[in-house]
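S.K.: quick one: sequence and predicted model below, then my questions.
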Amino acid sequence: MPPSQVFLYDTTLRDGTQAEDFNLSLTDKIRVALKLDDLGIHYIEGGWPGSNPKDEEFFSEIRNYALKRAKIAAFGSTHHPSKRAEHDPNLHALVEAKTPVVTIFGKSWTVHVKEALRTTLEKNLEIIRDSLAFLRPQVSTLFYDAEHFFDGFREDSEYALATLEKAVEGGAECLVLCDTNGGNLPSFIQEAIKAVQERFPNVPLGIHAHNDSDLAVANSLAAVEMGASQVQGTFNGVGERCGNANLCSIIPALCVKMNIPCLDPEDLRKLRQVSRFILEIANVPPNRYQPYVGRSAFAHKGGVHISAVERHPSTYEHIDPALVGNKRRFLISDLSGRAGVQRKAMEFGIPISSKDPVALEVLNQIKELEHQGYQFEAAEASFELLINRAMGRFKKYFELIGYRVVDQKFSEDGDPVSEATIRVRVGGQEEHTAALGRGPVNALDNALRKALEKFYPELKGMVLTDYRVRVLPGKEGTASKVRVLIESHDGKERWGTVGVSHDILEASWQALVDSINYKMYMAEKNQEKKGCGEK
Ligand SMILES: CC(=O)SCCNC(=O)CCNC(=O)[C@H](O)C(C)(C)COP(=O)(O)OP(=O)(O)OC[C@H]1O[C@@H](n2cnc3c(N)ncnc32)[C@H](O)[C@@H]1OP(=O)(O)O
Ligand SMILES: CC(=O)C(=O)O
């Protein structure tokens, strides 16, 4: 039977940092711990104090903070086979970490006892009991992680259960069953838990699942369905190899789908923000397709989907995105229909009906342009300008008379020098400028801005923050078409524009021009809003 409450045990700072390319400094660890505490996580495993000085420092540093809700846990192993518990430096380090919770892991699988620990099955049982018994009087809460429990249970169920018995004898308050290699299926997880419950009806159980079969979340929830009241996992599922059970998916599943309290609804709304915060700190790019919290988790692209979601969100959404702090997005592409165009236009504040011939014209243009290689999902500014052009509302801020870009290399080792000259007409006035740049696109961008800034000083505050070039599929080698996506920023807003051509400069030019036009268009639009009394 599922428990009445689940306790969340986060191991991002310990097992999470065992992931390739996921590293945290001491300061990072403190910041993440405080964030998790603020969210309402019950236990935060800070590291392995016997492992390295950073983890030791973490435990002394975190004592300087008054945590609101979370308890800090220190992690380590049972004592070394060659030592007695009282002489084992790892166990001493755990006590010296002075944490309210200590978690130690021990071996449940005969293969591990013989091959990894290189000891006898009897000795391992003694190691488990003695390690816990040594810690028990010195720590207030003691958890036992039964490493490889499920693999051990399959191999020799009696021995695996005997290891748990020793942990209980030693004083473990919760037996956390681990799918360490992440290879088990939910049905087997439930079968093994049933046997554990029959043997230990009064001992709380926990689950610690790895994701090697992409089942860590399913296995964790299967364990909870059986009655496990502690769930260990990491934010964004980071962890050794393919990662740990992802708390960003487990938490909403528990709260929203299984109605098992683990976070307050108000805290649940912070989930996406906390997920992002941790990735930012670790300098890891977010996975846009991550369930619940990813940018695309509630992004609708197919025309049929957009139309139905407009009518009733649950037609294509499994939960309300706001519950986890995410939001619904509608994407424009060649898979869109009129409802998508209308929805997007409404978002831009342009009222058109899906029956309006303009909606159909815009739709046809998008389908043709996407066929040519344009893509508007990351270039919404270009799309907004396209709607305005179709409606005859587009204002031309400048006219190109011509440009020339020269890229010269003077020696084998030297950097090339790029220079652009440009002639534009603004109103009735012609402007002719030149600029150098770090590469031809930068030179062209510099020359264009230099020509326009005199007329539009607001362009000075605009910077290009991202520039991506993608060679479009084809067999034409260096003659292939390219798509350029530019992201610009003016301190307040960020917008994306797109250009496509066989010529990389032309593709860049299109995206640059859209970016500048959009900036000017936004400035006027904001001015109009102010004129209408909007704040
Ligand atoms: C499933 C998990 O994620 S468990 C956590 C894994 N995390 C980590 O390993 C990160 C932190 N680890 C470390 O910093 C180091 O490995 C340390 C400090 C713990 C140990 O370092 P070392 O003493 O150099 O050992 P090493 O890293 O080679 O690990 C193997 C040793 O651990 C021992 N060991 C492994 N598991 C256990 C256990 N449950 N109980 C007791 N000893 C164990 C092995 O017997 C072996 O000892 P031996 O070489 O004397 O035979
Ligand atoms: C304890 C642990 O991290 C594991 O078994 O995966």
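M.R.: Sure, I can see it. Numbers count the residues shown, from 1 in each chain. Ligands and ions are numbered 1, 2, ... in the order given.
S.K.: domain-wise, how is this structure divided?
M.R.: 7-263, 299-387 (automatic domain parsing).
S.K.: including mean pLDDT, could those go into CSV?
M.R.: Supplementary listing: these in CSV, determined by pLDDT from 0 to 100:
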stretch, mean pLDDT
domain 7-263, 97
domain 299-387, 91
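S.K.: could you say which of those domains is packed most deeply?
M.R.: Each of those was given a mean neighbour count from mean count of other CB atoms under 10 Å, and the largest, a mean of 20, is that of domain 7-263. C-beta coordinates here come from the backbone N, C-alpha and C atoms, glycine included.
S.K.: tell me the buried residues in the helix or strand hosting residue 508?
M.R.: Counting by DSSP states H and E, the secondary-structure element that holds residue 508 is helix 504-531. Neighbour counts using 16 or more other CB atoms under 10 Å place 504-505, 507-522 of helix 504-531 among the buried residues.
S.K.: any buried residues in stretch 428-446, and which?
M.R.: Residues 431, 433, 435, 437, 440-446 are the ones in stretch 428-446 that count as buried (16+ other CB under 10 Å).
S.K.: what distance separates that stretch from the centre of its chain?
M.R.: Counting by CA atoms, centre = their mean, to the nearest Å, stretch 428-446 is centred 38 Å from the centre of its parent chain.
S.K.: ditto for stretch 26-40
M.R.: Counting by CA atoms, centre = their mean, stretch 26-40 is centred 17 Å from the centre of its parent chain.
S.K.: how about the closest residue to residue 70 other than its chain neighbours, what does it touch?
M.R.: Take residue 70 and drop its neighbours on the chain: the residue closest to it by CB to CB, 6 or more residues apart in numbering is residue 37, 4.1 Å away. With CB atoms under 8 Å, 6 or more residues apart in numbering as the criterion, the residues that contact residue 37 are 44, 67-70.
S.K.: same question, residue 86
M.R.: Taking CB under 8 Å, 6+ apart, one finds residue 134 in contact with residue 86.
S.K.: before we move on, what SS does it have?
M.R.: Recorded secondary structure, residue 86: helix (DSSP: H, G, I helix; E, B strand; the rest coil).
S.K.: for residue 390, see how far away it is.
M.R.: Per CB to CB, to the nearest Å, residue 86 is found 80 Å from residue 390.
S.K.: which one is residue 237 nearest to, not counting chain neighbours?
M.R.: On the basis of CB to CB, 6+ apart, the spatially nearest residue to residue 237 that is not a chain neighbour turns out to be residue 246, at 3.2 Å.
S.K.: look up how far ligand 1 lies from that neighbour.
M.R.: When distance is defined by CB to the nearest ligand atom, to the nearest Å, residue 246 is 17 Å away from ligand 1.
S.K.: distance check, the residue nearest the centre of the chain against ligand 2.
M.R.: Centre of the chain computed as the mean C-alpha position; nearest residue by CA atoms, centre = their mean is residue 286, 3.5 Å away. In this structure, residue 286 lies at 24 Å from ligand 2, with CB to the nearest ligand atom as the measure.
S.K.: where's the residue nearest to that residue when sequence neighbours are not counted, which helix or strand?
M.R.: Counting by CB to CB, 6+ apart, the nearest residue to residue 286 once its immediate chain neighbours are dropped is residue 279, at 5.1 Å. Under DSSP H and E, the secondary-structure element containing residue 279 is helix 271-282.
S.K.: other SSEs contacting the very next helix or strand once past that helix?
M.R.: Using DSSP H and E, the helix or strand that follows helix 271-282 towards the C-terminus is strand 299-300. With contacts defined as 3 or more CB pairs under 8 Å, 6 or more residues apart in numbering; DSSP states H and E, the packing partners of strand 299-300 are strand 329-330.
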